[in-house]
Structure formats: structure tokens, C-alpha cells
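Peer 1: give me a model of this one.
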Amino acid sequence: MAGEIDDGGPAFAGRLASDVAPGMSLRDYFAAHALIGLIDQLVVAKSDTTARAAYFIADAMIAVRKEAFDHPGDAA
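Peer 2: Numbering: from 1, shown residues only. Sure, this is the predicted structure:
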């Protein structure tokens, strides 16, 4: 394995009680929205292929987001 996947942290950051599940990660949130776009564009593929594409897009979004935070003066 190429290492641990960066999930971007919690999608909805906030204070949580110690016994509460943290909810979805930012990666899951991005993937869900990417999936909506893929389905909306009528991407015809196996379900697992479409799901993998959604997470591929989410990983790219997290990478670009990280770059923006590392270099805030650079335009996207």
C-alpha cells in the first residue's frame, strides 16, 4: 500500500462529546458530491468503477485544497 489516505479531517468540524461518532470525513463529503456529478452526467459504468472515480476526484480535491492552504497567494 502506498501509505495512509488523507481523509481531509472531519467534513463538519465542531465540538463532539467523546462518545459521539465523528461522522463523515471531508474525503467522504467530497466523494459524495463528485458522485452526484458523475451520475448527473450519466456516466455509464459499473457501480464500483463510478464509486472509485468519485473517491479519485475527492482525493484530487483534498490535494488541491492542501496546496491552497500551503500557498494562499497562488491562484487556482
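
Peer 1: what's the neighbour count on residue 31?
Peer 2: 23 (other Cβ atoms under 10 Å). The way it works is simple: take the backbone N, C-alpha and C, and place the C-beta from them, glycine included.

Peer 1: name the nearest residue to it, sequence neighbours excluded.
Peer 2: residue 58 (3.9 Å; Cβ to Cβ, 6 or more residues apart in numbering).

Peer 1: hmm, the one you found is touching residue 24, no?
Peer 2: No: in this structure, residue 58 is not within contact of residue 24 by Cβ atoms under 8 Å, at 11.1 Å.

Peer 1: neighbour count: the two, which is higher?
Peer 2: residue 58 (24 against 15).

Peer 1: what helices or strands is the helix or strand that contains the more buried one leaning on?
Peer 2: Assigned by DSSP states H and E, residue 58 belongs to helix 47-70. Helix 47-70 sits against helix 26-40, with contacts defined as 3 or more Cβ pairs under 8 Å, 6 or more residues apart in numbering; DSSP states H and E.

Peer 1: so what touches the helix it packs on?
Peer 2: For helix 26-40, contacts defined as Cβ atoms under 8 Å, 6 or more residues apart in numbering pick out 5-11, 24, 50-51, 53-55, 57-59, 61-62.

Peer 1: perfect, that will be all.
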